[in-house]
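Participant: below are the sequence and a predicted model for it; my questions follow.
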Amino acid sequence: MANNYYDATGVLVLDRVTPVISALFGRFRLEGSHPGNGRAYIARLSEAHVPEWDGVLLDLITLAAQLDLPAPESDDAQDDSDDVSIQVILDLLASRFGAQEDTDLLNLIEHHGFKGEADLEALFLLATAFDDGHRLVAIEFEGSWYCSKPLLFEFGGAASFLSREVRVFRGSSTAIPLGQALRKAVVDHDPETAAALIDKETQGLFAGIQDDHFRMGVRQRVAERLARAPAART
């Protein structure tokens with residue numbers, strides 16, 4: 001029997017580690033002083049440290065108590081988590097940080113399940129809405145999955161960059177099918193299919209730019225550059 005694993009490390013790019021950052025990312029083995037220079041270490045280790053929303057809830061309950069918010073109190077934090085949902089705590093924090101009108105936050109609270117493994121995209125949104133001086137700018141995270149046996153295609157890697165302005169996700173698993181499809185298009189002398197494949201990849205990058213107006217400007221500049229590019233190598 002083969003076992004599969006996924007381990008990853010990364011950094012929070014921010015001014016300083018605050019109680020909000022500790023509550024949201026503490027389950028990621030947060031190390032505020034490493035590597036330093038505005039970056040704080042985080043990690044996800046499959047056999048030792050998998051961050052779960054239940055754990056984040058406990059830390060948020062502790063944070064709410066530190067901020068003197070009207071959250072349920074108990075000597076046993078686990079008992080608290082049975083009585084109060086994470087949505088209740090997030091609503092309290094939204095009021096505390098003046099984020100009651102943040103549509104992205106409200107949409108997250110209403111529609112996110114907050115079950116199982118905690119995801120960095122949701123945590124980033126929460127952190128930016130609840131800024132207690134941390135000034136989180138971005139999350140840079142890179143990981144790999146692997147198998148206890150050398151089975152085919154059970155090894156790979158992926159990376160993500162999250163910020164308010166840009167979001168980029170890339171995984172090594174996309175390289176092989178893309179290469180296969182692009183090669184087939186070349187062999188078949190099918191430039192239309194090849195162009196569609198490249199366009200799809202490019203559209204993914206465009207979609208990562210959050211500002212609609214800026215995205216359109218970049219799209220125009222890219223089109224102009226492509227029009228000026230030489231038709232063939234010399």
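Facilitator: Received, thanks. Residues are numbered from 1 along each chain as shown.
Participant: which intervals of the protein have sub-threshold pLDDT?
Facilitator: Along the chain, the model assigns pLDDT under 70 to residues 71-83, 231-234.
Participant: in terms of residue numbering, what are the domains of it?
Facilitator: The record's domain parsing of the chain by automatic domain parsing lists 4-164, 175-228.
Participant: make TSV out of the ones you listed and add mean neighbour count.
Facilitator: To be clear about C-beta, it is placed using only N, CA and C from the backbone, and glycine gets the same treatment. What follows is the domains of the chain, written out as TSV (neighbours: other Cβ atoms under 10 Å):
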stretch	mean neighbour count
domain 4-164	17
domain 175-228	12
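Participant: give me the element the nearest residue to Asp91 once chain neighbours are set aside is part of.
Facilitator: In this structure, Asp91 finds its nearest non-sequential neighbour in Ile109, 6.8 Å apart by Cβ to Cβ, 6 or more residues apart in numbering. Per DSSP states H and E: Ile109 is located in helix 103-111.
Participant: how much space separates Phe25 from Ser148?
Facilitator: Distance of Phe25 to Ser148, computed by Cβ to Cβ, to the nearest Å: 29 Å.
Participant: apologies, that question was intended for Thr18.
Facilitator: 39 Å.
Participant: do the same with Gly38
Facilitator: 37 Å.
Participant: go on, Glu117?
Facilitator: Separation of Glu117 from Ser148 (Cβ to Cβ): 20 Å.
Participant: same thing with Val11?
Facilitator: Taking Cβ to Cβ, one finds Val11 at 29 Å from Ser148.
Participant: over to Met1?
Facilitator: As judged by Cβ to Cβ, Met1 and Ser148 stand 8 Å apart.
Participant: do Ala122 as well
Facilitator: Applying Cβ to Cβ, the value for Ala122 to Ser148 is 30 Å.
Participant: and what of Val166?
Facilitator: Distance from Val166 to Ser148, by Cβ to Cβ: 36 Å.
Participant: thinking Gln66 is in contact with Pro19, fair?
Facilitator: Yes. Here Gln66 reaches Pro19: they are 6.1 Å apart, a contact under Cβ atoms under 8 Å.
Participant: which residues of this protein fall in strands?
Facilitator: Per DSSP state E, the chain carries strands over the ranges 4-13, 31-35, 39-44, 138-147, 156-163, 167-171.
Participant: what packs against the third one?
Facilitator: Spelled out, that is strand 39-44. Applying 3 or more Cβ pairs under 8 Å, 6 or more residues apart in numbering; DSSP states H and E, one finds that strand 39-44 contacts strand 4-13, helix 19-25, strand 31-35, strand 138-147.
Participant: and of these, who's closest to Leu126?
Facilitator: When the helices and strands packed on strand 39-44 are compared by Cβ to Cβ, helix 19-25 sits nearest Leu126, at 5.8 Å.
Participant: tell me the gap between that closest one and the middle of its chain.
Facilitator: 15 Å (Cα atoms, centre = their mean, to the nearest Å).
Participant: check stretch 22-34 too.
Facilitator: Mean-position distance between stretch 22-34 and its chain equals 15 Å (Cα atoms, centre = their mean).
Participant: CA atoms only: put that stretch into CSV for me.
Facilitator: Output of stretch 22-34 as CSV, limited to C-alpha atoms (Å, rounded to 0.1, in the frame of the first residue of the first chain):
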residue,chain,number,x,y,z
SER,A,22,-1.0,34.6,15.3
ALA,A,23,-4.6,33.6,15.6
LEU,A,24,-5.1,33.0,11.8
PHE,A,25,-1.8,31.5,10.9
GLY,A,26,-0.5,30.0,14.2
ARG,A,27,-1.6,26.5,13.1
PHE,A,28,0.8,26.9,10.1
ARG,A,29,3.9,26.6,12.5
LEU,A,30,4.2,30.4,12.3
GLU,A,31,7.7,31.8,13.1
GLY,A,32,7.6,35.5,13.3
SER,A,33,11.3,36.1,13.4
HIS,A,34,12.3,33.7,10.6
